[in-house]
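[1] what's the 3D shape of this:
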Amino acid sequence: MSHHSSAIAHDSRVLSPRSHLGSPSAGLAWGLVGVVAFSFTVPFTRIAVAGLDPLFIGCARAVVAACLAAVALVVGGASRPTTRQWLRLAPVSAGVVAGFPILTSLALRDTAAGHSAVVIGLLPAATAVVAVSRTHERPGRRFWVGAALGVIATIAFTVAGHGVPTTPGIADLYLLAAVVLAAVGYAQGGVMARELGSWQTICWALILASPAMLVTTLVVTDGHLPHATAGQWAAFGYLAAISMFLGFFAWYRGLAIGPMTTVSQVQLIQPVLTVVWAILLLGERPTPELVVGGAAVIGCAAFTVRSRVATGPGGAPVSGARTGPVSQVS
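    The predicted model follows:
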């Protein structure tokens, strides 16, 4: 067998994804772009649920995003996933297309955005745990210490910015379930992005979930467009086009470049960004506690992402056999 045979070429692309997709610093940069896009999700969801049914928001935003995805797939000439890849896309659809949007919308109907951010602050650590179970990545002790400190700092920062969290209730169960489903969807999506491509992964996941999301939307609305203010519809539009669609282009690209466990920790700064937008756009005044807490969260994120991550054979952070060709993340 020659050195340039297709079998060897295919293997090298599977076992050395970083050289093929980009450097670790590029992964962090793309992850940060995704986090910036996601940082508006909680406040805009809070705005939208003031006039729109939360189940409608969670499902209809996926329907709108699926329409955008269909256009992107046709224009981009994306190859259709194999049967096995469709099955492996199911956790992505269940986690980030259906589970997280619907559950957070239901929670934000009854709880404040700040309180929600406390629970959602567990997401980076949860994503890292799922990523370890799905890949060959083995972060060292420094990583887990930094991740734990990041969770503590994020909760403290959010409490400093929004007050003491309320008594746990059904909304917290919604949020915890949303975190678990999102963590699975993020990690599995990062794995699939190495095969299908970053934007292709979220597009196909949206297409896969679209029948169920469309039926639920029609049932909730009884076939009639809900009444809401222009601001509430604008918030819904952001959730559909950015939070549910374009933001994942960057986020899955970053996770695919990896290491996935490291890139996931960039999301620690999401609550900080959310407060920054509130200060700049809504005129909220920063407090010394917010400044100190924000610096602590950013410091924990920086400490964690600089940790070394052990990988599997050939330097591959992904485990398991591959089905079908591995395409470049794009």
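[2] name the helices or strands packed onto the longest helix seen in the chain?
    If you go by DSSP state H, the chain has its longest helix at helix 170-196. Under the contact definition 3 or more Cβ pairs under 8 Å, 6 or more residues apart in numbering; DSSP states H and E, helix 170-196 sits against helix 83-92, helix 100-108, helix 113-120, helix 123-134, helix 198-221, helix 247-257, helix 260-264. (Each C-beta comes from the backbone N, C-alpha and C, glycine too.)
[3] next helix or strand past the longest one?
    It stands for helix 198-221. Beyond helix 198-221 in the direction of the C-terminus, DSSP states H and E gives the next helix or strand as helix 230-238.
[4] quick check, distance from the helix or strand hosting Q270 to the centre of its chain.
    Assigned by DSSP H and E, Q270 belongs to helix 270-282. Here helix 270-282 is found 19 Å from its chain centre; the criterion is Cα atoms, centre = their mean, to the nearest Å.
[5] got the buried residues for it?
    Neighbour-count burial for helix 270-282 flags Q270, P271, V272, L273, T274, V275, V276, A278 (criterion: 16 or more other Cβ atoms under 10 Å).
[6] what's the distance between the second one and I102?
    Spelled out, it's P271. P271 sits at a distance of 22 Å from I102 (criterion: Cβ to Cβ, to the nearest Å).
[7] likewise the fourth one?
    Here the distance between L273 and I102 works out to 24 Å (Cβ to Cβ).
[8] low pLDDT regions in the stretch 1-150 of the chain?
    1-22, 24, 111-118, 139 (pLDDT under 70).
[9] how about a cut-off of 90?
    Counting by pLDDT under 90, the stretch 1-150 of the chain has low-confidence residues at 1-28, 39-50, 54-55, 58, 101-150.
[10] picking that back up, what's in contact with whichever helix or strand comes after the helix holding Q270?
    Per DSSP H and E, the first helix or strand lying C-terminal to helix 270-282 is helix 288-305. The contact list for helix 288-305 (Cβ atoms under 8 Å, 6 or more residues apart in numbering) reads 28, 142-143, 146-147, 149-150, 153-154, 156-157, 160-161, 262-263, 265-266, 268-269, 271-272, 275-276.
[11] whichever of the residues you listed end up buried, select them in ChimeraX.
    Per 16+ other Cβ under 10 Å, the buried members of the contacts of helix 288-305 correspond to this ChimeraX selection:
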select :28,143,146,147,149,150,153,154,156,157,160,161,262,263,265,266,268,269,271,272,275,276
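[12] please tell me how far A205 sits from P81.
    Taking Cβ to Cβ, one finds A205 at 10 Å from P81.
[13] for F236, give me its contacts.
    Counting by Cβ under 8 Å, 6+ apart, F236 has contacts F44, A48, L52, I57, A60, R61, A228.
[14] same check, this time on F56
    By Cβ under 8 Å, 6+ apart, the contact set of F56 is T217, V220, T221, P226.
[15] would you format those as CSV with distance to A182, pLDDT and neighbour count included?
    Output for the contacts of F56, formatted as CSV (distance: Cβ to Cβ, whole Å; pLDDT from 0 to 100; neighbours: other Cβ atoms under 10 Å):
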residue, distance to A182, pLDDT, neighbour count
T217, 21, 94, 22
V220, 22, 90, 17
T221, 25, 89, 16
P226, 25, 90, 16
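[16] between these, which is nearest A69?
    T217 (15.7 Å; Cβ to Cβ).
[17] wait, that closest one touches A60, no?
    Yes. With contact defined as Cβ atoms under 8 Å, T217 counts as touching A60 (4.7 Å).
[18] one step back: and which of the contacts of F56 is nearest L175?
    Comparing the contacts of F56 against L175 with Cβ to Cβ places V220 closest, at 21.0 Å.
[19] so how far is A65 from that closest one?
    Distance, V220 to A65, using Cβ to Cβ: 17 Å.
[20] one more: G58?
    Per Cβ to Cβ, G58 is found 12 Å from A65.
[21] pull the contacting residues for V33.
    Residues near V33 by Cβ under 8 Å, 6+ apart: A250, W251, G254.
[22] got the buried residues for the helix or strand harbouring G58?
    Here G58, judged by DSSP H and E, is contained in helix 54-76. Neighbour-count burial for helix 54-76, counted by 16+ other Cβ under 10 Å, picks out 54-69, 72-73.
[23] distance between that helix and the chain's centre?
    Centre-to-centre, helix 54-76 and its host chain are 16 Å apart (Cα atoms, centre = their mean).
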